[in-house]
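Chemist: take this sequence and fold it.
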Amino acid sequence: MDFFFSFAEWTNGSTGSCGRLVSMHIVGLSNFDFDLRTGRVYTTTRSTLLAILSNILLVVLLVVYFTLRKDLTTTLATATKLQEYVFIVTTGLQIMAGLLTIVNRWRQRRKMMRLVRCVIRVYRAKPQVKRMVRWAVLLKIVVTIVTHSSLLELAANASQYVGPKQMLGLGLQFVTMTIMNLAISQHFLIMLLVRANYRLLNRELRQMIDECKHLSYYSPRNGVFMTKCCFIADQLDNLGRIRSHLHSIVTQLQEVFGLQALMVYTEYYITTIGVSYFLFSMYKYGDTNLRVTTLSRILVFIWMASYYLDALMNLAIILQVQGDEQKMSRILAERTLFAPGLDVRLEESFENTQIQLVRNPLKMNVMHLFPTNYSNTTAMISSVFMNSIYLIQYDMANF
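Modeler: Okay, the predicted model is just below:
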């Protein structure tokens, strides 16, 4: 099966001749349909009602579960209070992230539909990108499955007794985490498509620059020269239009997924601090307090490896798109090496493309609170290390 189509359908429950996959409707994340073959994005009574019923059922079950279960830390009965607090905060954050993702999908429903239309339009213009991204999509699917399955098995293994209430709690936690991670996967897929198109544009731009260098130094007869210059100018104008469409997709993506991005950063931040403290607790308290078995240790390290690999993939695709935009600017800067005498229209096309990059640069941020770049990522990692040290020092001083 084609990985790109299967993942695209799976991430939003595409219907029509491309296939009908309703997994996103079942968990309540998707509340509309689309057809990849025709590019049609539409709402139906079925998709709307299914999403509403799924959302209501999830909220009701969460209320019932937290009402019936008074003690949220029975699996950590011999743990310290600080360990209990860290466990409650990380678990509560995951559940809240899933619920906020659902609320945001209803609030941003129209914007999400416009975004999907733009994505399908760009994909249909260059369908060869599916060959460029299939292995990245496959790796994303495998890593996501390993992360979820190892975490679910770890939670079940940590419980001494798995009764109906415990199963309900694990199931609800798994569903909310799945909702959040499916939203992240949608973001990853769209950014992967954007990056593949940027790579194609840079490849085409490199060919244009090389051809223009040859034309500027070894100009053929006037008729051939003018024909080649006009052809390259048309290609350059088309490149500028495609780049503008990609910029629009990224801008809409930040608006639609802004809240999810904030929750993802917060989850990674808090979870990493919690994981650091958990590893310290394993070293300090051993197996007595945390009931850590050999199987639990193996599952923990499998989950950590897949969880942070997934985080690196999500971050890397954003930084790579920014790098491709900068590479485009560097390639365009080579026009200063042309010998004088190129066609005026071609010169204007190069100038307009450069002005477009300068006036409308690709900037990525999280709800306009902080940018997503190398320096901010480094600062965030440093902050995580510092707060992990503070938490460990607090444990050493008080427990």
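Chemist: below-threshold pLDDT in this structure: ranges please.
Modeler: Residue ranges of the chain with pLDDT under 70: 1-28, 68-86, 156-163, 165-166, 219-221, 285-292, 399.
Chemist: helix or strand right after the biggest helix by length in it?
Modeler: Ordering each helix of the chain by length in residues (DSSP state H) puts helix 164-217 first. Using DSSP states H and E, the helix or strand that follows helix 164-217 towards the C-terminus is helix 222-256.
Chemist: list the buried residues in that next one.
Modeler: 225, 228-229, 232-233, 235-236, 239-240, 242-243, 245-247, 249-250, 252-254, 256 (16 or more other CB atoms under 10 Å). C-beta here means a position set from N, CA and C on the backbone, and glycine is covered the same way.
Chemist: can you check stretch 114-127 too?
Modeler: 115-116, 118-120, 122-123.
Chemist: same deal with stretch 260-268?
Modeler: Buried-residue list, stretch 260-268, by 16+ other CB under 10 Å: 260-265, 267-268.
Chemist: where along the stretch 1-150 of the chain do the helices fall?
Modeler: Along the stretch 1-150 of the chain, the stretches classed as helices by DSSP state H, counting those that start in this stretch are 3-10, 23-26, 45-68, 81-107, 109-125, 129-158.
Chemist: and residue 358, which of these is closest to it?
Modeler: Counting by CB to CB, residue 358 lies closest to helix 109-125 out of these; the figure is 23.0 Å.
Chemist: and that closest one, how far from the chain's centre?
Modeler: Helix 109-125 sits 16 Å away from the centroid of its parent chain (CA atoms, centre = their mean, to the nearest Å).
Chemist: try stretch 194-202
Modeler: Using CA atoms, centre = their mean, the offset of stretch 194-202 from its chain centre is 17 Å.
Chemist: got the CA positions of that stretch in PDB?
Modeler: Extracted C-alpha coordinates of stretch 194-202, given in PDB (Å, rounded to 0.1, in the frame of the first residue of the first chain):
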ATOM      1  CA  VAL A 194       6.100  21.300   2.700                       C
ATOM      2  CA  ARG A 195       9.700  20.300   3.100                       C
ATOM      3  CA  ALA A 196       9.500  17.900   0.100                       C
ATOM      4  CA  ASN A 197       8.200  20.800  -2.000                       C
ATOM      5  CA  TYR A 198      10.900  23.100  -0.800                       C
ATOM      6  CA  ARG A 199      13.500  20.500  -1.800                       C
ATOM      7  CA  LEU A 200      12.000  20.300  -5.300                       C
ATOM      8  CA  LEU A 201      12.000  24.100  -5.500                       C
ATOM      9  CA  ASN A 202      15.600  24.400  -4.500                       C
END
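Chemist: including distance to residue 190, could the helices of the stretch 1-150 of the chain go into CSV?
Modeler: Formatted as CSV, those follow (distance: least, CB to CB, whole Å):
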stretch, distance to residue 190
helix 3-10, 10
helix 23-26, 15
helix 45-68, 20
helix 81-107, 15
helix 109-125, 6
helix 129-158, 11
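Chemist: can you report how many residues lie near residue 31?
Modeler: 25 (other CB atoms under 10 Å).
Chemist: give me phi/psi at it?
Modeler: When read as degrees, to the nearest 10, the backbone of residue 31 gives phi -130, psi 20.
Chemist: pretty sure it contacts residue 45?
Modeler: No. Residue 31 lies out of contact with residue 45 (CB atoms under 8 Å); the separation is 11.4 Å.
Chemist: let me know how buried residue 131 is, in neighbour terms.
Modeler: Neighbours around residue 131, by other CB under 10 Å: 12.
Chemist: repeat for residue 64
Modeler: 13.
Chemist: for residue 57, same thing?
Modeler: 12.
Chemist: next, the contact list for it, please.
Modeler: By CB atoms under 8 Å, 6 or more residues apart in numbering, no residues touch residue 57.
Chemist: distance of it relative to residue 51?
Modeler: 11 Å (CB to CB, to the nearest Å).
Chemist: check residue 210 too.
Modeler: Residue 210 is 51 Å from residue 51, by CB to CB.
Chemist: residues in contact with stretch 320-337?
Modeler: Taking CB under 8 Å, 6+ apart as the rule, stretch 320-337 contacts 191, 194-195, 198-199, 201-202, 205-206, 209, 212-213, 243, 250, 350, 353-354, 357, 361-362, 364, 373.
Chemist: now that stretch: buried residues?
Modeler: 320-322, 324-325, 327-328, 331-332, 335.
Chemist: from the residues you listed, which land in strands?
Modeler: Counting by DSSP state E, no part of the buried residues of stretch 320-337 is found in strands.
Chemist: closest one of those to residue 146?
Modeler: Nearest member of the buried residues of stretch 320-337 to residue 146, counting by CB to CB, is residue 320, at 22.8 Å.
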